[in-house]
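Q: Return atomic coordinates for the entry below.
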Amino acid sequence: MRWLVLGLLALAQEAAADCTRMTFEDVPMAVCEAKAGDDLRLFLKDANGQPYGGFGPVDRALAPRRLVWAMNAGMYQPDLSPVGLYIEDGVQAHGLVTRDGPGNFGLLPNGVFCIGKRFSVVESRAFKVDPPECRYASQSGPMLVIEGALHPSFKPDSDSLNIRNGVGVSKDGKTAWFVLSEQRVNFDRFARFFRDALGARDALYFDGSISRLYAPEIGRQGGGFAIGPIVGVVE
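A: Numbers count the residues shown, from 1 in each chain. Next up is the predicted model:
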């Protein structure tokens, strides 16, 4: 019986190994995976209406449960409020933005990451016309992969390099991959990692330079300055 218990514990620990490192064209990528049925949530404000601002406050608020892993999940204003659509536990805190504009967010097409009965990344204008049911949603931009094609503005030889993070989803919507480049990359290479290495049909850029990942199992603690929306799996 003792060996059976130990074996089951080992299998449980292996199943809980949600984050890993991969290398794509000599660039190390930290990848965390969520599967259908995982307790994947978005976090913005605490019970007092104040922004969490980081992973530690979220983890403490969940006690006795805990964050398995988490990352920043979309662009935000100086007061840490979302730039675009934000839905948390079925409640919309900020509306959808479909106009173009300066910066990466306004580099259309941008999109929305939606957590509902399945995971999806939906181009923002298509989302406006036919919004899926989202328990959680965060808008950001630009889109990285759109139905298997790269964003039309990306250039393979671009010298715009940055630490970047984003999310991609499988065609069946049962898997979502959350990626942080651990070296500076351009948009084209980052998008191709989602499409060519992970097999994501659609993928969305979350942010760059401020990109952070809390993933203790691969040694990332995600400390630093305050951030806005956060996505993570709860134990």
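Q: May I see the buried residues of stretch 226-235?
A: 227, 228, 229, 230, 231, 232, 233, 234 (16 or more other CB atoms under 10 Å). The way it works is simple: take the backbone N, C-alpha and C, and place the C-beta from them, glycine included.
Q: quick one, helices of this structure?
A: With DSSP state H as the criterion, the chain has helices at 2-15, 55-62, 124-129, 187-192.
Q: mean confidence for the first one?
A: Going back to what we said before, that points to helix 2-15. Helix 2-15 comes out with an average pLDDT of 38.
Q: same question, the last one
A: The predicted model assigns helix 187-192 a mean pLDDT of 98.
Q: what number of residues lie near residue 160?
A: 13 (other CB atoms under 10 Å).
Q: which phi and psi does it have?
A: phi -80, psi 90 (degrees, to the nearest 10).
Q: pretty sure it contacts residue 186?
A: Yes. Contact criterion CB atoms under 8 Å: residue 160 and residue 186 qualify, at 5.5 Å.
Q: Low-confidence ranges, this structure, go.
A: Scanning the chain for pLDDT under 70 picks out the ranges 1-17, 102.
Q: what's the residue nearest to residue 155 when sequence neighbours are not counted in contact with, if anything?
A: What sits nearest to residue 155 in space, not counting adjacent residues and going by CB to CB, 6 or more residues apart in numbering, is residue 188, at 6.1 Å. Residues in contact with residue 188 (CB atoms under 8 Å, 6 or more residues apart in numbering) are 150, 154, 155, 156, 158.
Q: ok, and what's touching the longest strand seen in the chain?
A: Counting by DSSP state E, the longest strand found in the chain is strand 27-35. Residues outside strand 27-35 that contact it (CB under 8 Å, 6+ apart): 18-23, 40, 69, 71, 119, 174-183, 185, 189, 193, 197-198, 213, 215, 218, 220, 233.
Q: roughly how far out does it sit from the chain middle?
A: Strand 27-35 sits 10 Å away from the centroid of its parent chain (CA atoms, centre = their mean, to the nearest Å).
Q: Only the buried residues of that strand, if you could.
A: Neighbour-count burial for strand 27-35, counted by 16+ other CB under 10 Å, picks out 29, 30, 31, 32, 33, 34.
Q: how much space between the first one and residue 120?
A: What it means is residue 29. Using CB to CB, to the nearest Å, residue 29 is found at 22 Å from residue 120.
Q: now swap in the last one and tell me
A: For residue 34, the distance to residue 120 under the criterion CB to CB works out to 13 Å.
Q: same check, this time on the fourth one
A: In this structure, residue 32 lies at 18 Å from residue 120, with CB to CB as the measure.
Q: Weed out the non-buried ones from the contacts of strand 27-35.
A: Neighbour-count burial (16+ other CB under 10 Å) is assigned, among those, to 18-19, 40, 69, 71, 119, 175-182, 185, 189, 193, 197-198, 213, 215, 218, 220, 233.
Q: if you look at these, which of them are in strands?
A: Here DSSP E is the test, and the buried ones among the contacts of strand 27-35 give 19, 40, 69, 71, 119, 175-181, 213, 233 as lying in strands.
Q: Present these as a markdown table; the columns should include distance to residue 87.
A: Output for these, formatted as a markdown table (distance: CB to CB, whole Å):
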| residue | distance to residue 87 |
| --- | --- |
| 19 | 25 |
| 40 | 13 |
| 69 | 21 |
| 71 | 18 |
| 119 | 14 |
| 175 | 21 |
| 176 | 16 |
| 177 | 21 |
| 178 | 18 |
| 179 | 22 |
| 180 | 23 |
| 181 | 27 |
| 213 | 23 |
| 233 | 18 |
